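K.L.:
The following block contains a protein sequence and its predicted model.
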Amino acid sequence: MSNEVLKISNLVKKYDNSDRVILNNLDLTINDEDFLCILGPSGCGKSTLIRCIAGFEDYEGSIKVDGQPVVKPGPDRIMVFQDFNQLFPWKTVLKNITYALKVNGMKDKAEREQKAKKYLEKVNLVQYANYYPHQLSGGMKQRVVIAMALACNPSLLLADEPTSALDVTIQAQVLEMIKSLQDEFQTAMLLITHDLGVVAEVCSTVGIMYAGEIVEYSAVEEFFENTVHPYSQGLIAAIPRLDENVKRLNVIPGMMPDPMDLPSGCKFHTRCPYATELCKTCVPSMREVSPGHAVKCHMIDSIPKFSRG
């Protein structure tokens with residue numbers, strides 16, 4: 001039976017000294033062994049969400065990890081950033097990891113070195129243990145950071161677009177390694193991305209985020225087979241197909257609203273082809289359309305079944 005690792009209830013995050021909302025009454029649950037991807041456009045609140053979970057931001061509402069409220073950063077949550085600044089440039093690869101283990105309470109030096117080498121082997125970098133960060137490529141440094149994070153045995157691993165600074169080939173290698181390690185150690189993981197290919201490749205569950213809210217939540221297979229929310233459908237429809245010869249790619253009309261001036265009602269109604277007066281005035285609630293598949297939309301029963309054709 002799965003155990004609840006992360007529980008978020010009614011999470012609200014506002015801009016400093018303002019009533020403008022970045023995250024709006026957001027609810028989210030992650031169980032052990034879950035690999036959740038949060039996907040959405042730039043400015044929708046993805047990175048703010050993960051920073052709140054990590055304990056880097058003040059917030060309203062409730063965030064609990066292993067049943068304990070999040071009030072500051074802690075060893076139960078380790079975060080992997082977009083860049084590689086988590087490595088100390090004056091320490092070797094091995095000493096970066098052993099230092100992290102020491103900070104997290106492992107007192108025995110020999111035990112720290114043994115564990116650090118074990119995790120370097122997991123990411124195929126043990127031969128670089130005595131190298132310094134500047135001697136490594138970007139992909140190698142990110143693998144060291146991931147090894148360091150997993151060595152600390154967190155309940156929840158947080159990753160904010162960890163491959164965005166890498167070239168495409170290296171991205172694929174790092175993502176494959178992350179998935180393999182997550183499968184091996186069964187660590188709950190939350191990964192932020194804007195790439196549907198990443199969602200399809202490595203994640204077990206996906207949450208689609210728009211204007212500070214999660215608008216669709218589902219197992220990955222169910223999401224791609226039965227995409228419901230109009231924004232999610234627009235994302236899928238925009239993916240180019242190799243078997244089609246088109247002059248113009250599909251796009252979602254309009255622009256994401258200004259976070260400082262969000263529309264009333266459903267935040268997507270200004271771009272939605274199915275919007276009604278109800279959508280313009282009333283915030284929709286999350287509704288389950290099938291077991292484990294929930295959608296935040298008034299028009300669920302009226303939206304045509306989506307197909308790529």
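P.N.:
Structure's in. What do you need? Numbers count the residues shown, from 1 in each chain.
K.L.:
Quick one: the helices in the protein, in order.
P.N.:
Under the criterion DSSP state H, helices of the chain are mapped to 46-54, 93-103, 109-122, 138-151, 168-185, 196-202, 220-225, 230-237, 277-281.
K.L.:
For this structure, just list every one of the strands.
P.N.:
Remark: strands assigned in the chain by DSSP state E are 4-14, 21-31, 35-39, 60-65, 68-69, 77-80, 156-160, 188-193, 205-210, 213-219, 286-290, 293-296.
K.L.:
Give me the mean pLDDT for the first one.
P.N.:
Within the predicted structure, the mean pLDDT of strand 4-14 is 93.
K.L.:
For it, which helices and strands make contact with it?
P.N.:
strand 21-31, helix 46-54, strand 60-65, strand 188-193 (3 or more C-beta pairs under 8 Å, 6 or more residues apart in numbering; DSSP states H and E). C-beta here means a position set from N, CA and C on the backbone, and glycine is covered the same way.
K.L.:
The closest residue to residue 208 other than its chain neighbours - how many residues pack around it?
P.N.:
Sequence neighbours aside, residue 216 is the residue nearest to residue 208 in space, at 4.2 Å (criterion: C-beta to C-beta, 6 or more residues apart in numbering). A count of nearby residues for residue 216, using other C-beta atoms under 10 Å, gives 26.
K.L.:
Mind checking the strands of the chain for the one nearest to residue 229?
P.N.:
Distance to residue 229, taken as C-beta to C-beta, is lowest for strand 213-219 among the strands of the chain, at 4.3 Å.
K.L.:
Direction-wise, compare that closest one with helix 230-237 and give the angle.
P.N.:
Angle of strand 213-219 versus helix 230-237, following axes from the mean of the first three to the mean of the last three C-alpha atoms, to 10 degrees, is 60 degrees.
K.L.:
Name every strand pairing with strand 213-219 and say which way it goes.
P.N.:
With DSSP bridges as the test, strand 213-219 is paired with strand 205-210 (antiparallel), strand 293-296 (antiparallel).
K.L.:
Please work out the average pLDDT along it.
P.N.:
Averaged over strand 213-219, pLDDT sits at 95.
K.L.:
Next: stretch 69-76.
P.N.:
Here stretch 69-76 scores 91 as its mean pLDDT.
K.L.:
and the strands paired with strand 213-219 as a markdown table, adding mean neighbour count and mean pLDDT?
P.N.:
Listed next are the strands paired with strand 213-219 as a markdown table, based on neighbours: other C-beta atoms under 10 Å; pLDDT from 0 to 100:
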| stretch | mean neighbour count | mean pLDDT |
| --- | --- | --- |
| strand 205-210 | 24 | 96 |
| strand 293-296 | 21 | 96 |
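K.L.:
Reformat the ones you listed as CSV; add distance to residue 21.
P.N.:
Below are the strands paired with strand 213-219 laid out as CSV (distance: least, C-beta to C-beta, whole Å):
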stretch, distance to residue 21
strand 205-210, 13
strand 293-296, 15
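K.L.:
Ok, which of those comes nearest residue 98?
P.N.:
strand 205-210 (33.7 Å).
K.L.:
ok so, going back, pick out the shakiest of the helices of the chain, pLDDT-wise.
P.N.:
When I compare those, helix 168-185 is least confident, with a mean of 81.
K.L.:
before we move on, the earlier item: for the helices and strands packed on strand 4-14, which one ends up most surrounded?
P.N.:
With neighbours defined as mean count of other C-beta atoms under 10 Å, the helices and strands packed on strand 4-14 peak in mean count at strand 188-193, which reaches a mean of 25.
K.L.:
Each with direction, which strands does that strand pair with?
P.N.:
By DSSP bridges, strand 188-193 pairs with strand 35-39 (parallel), strand 156-160 (parallel).
K.L.:
Ok, which of the ones you listed comes nearest residue 255?
P.N.:
Closest approach to residue 255 among these (C-beta to C-beta): strand 35-39, 18.0 Å.
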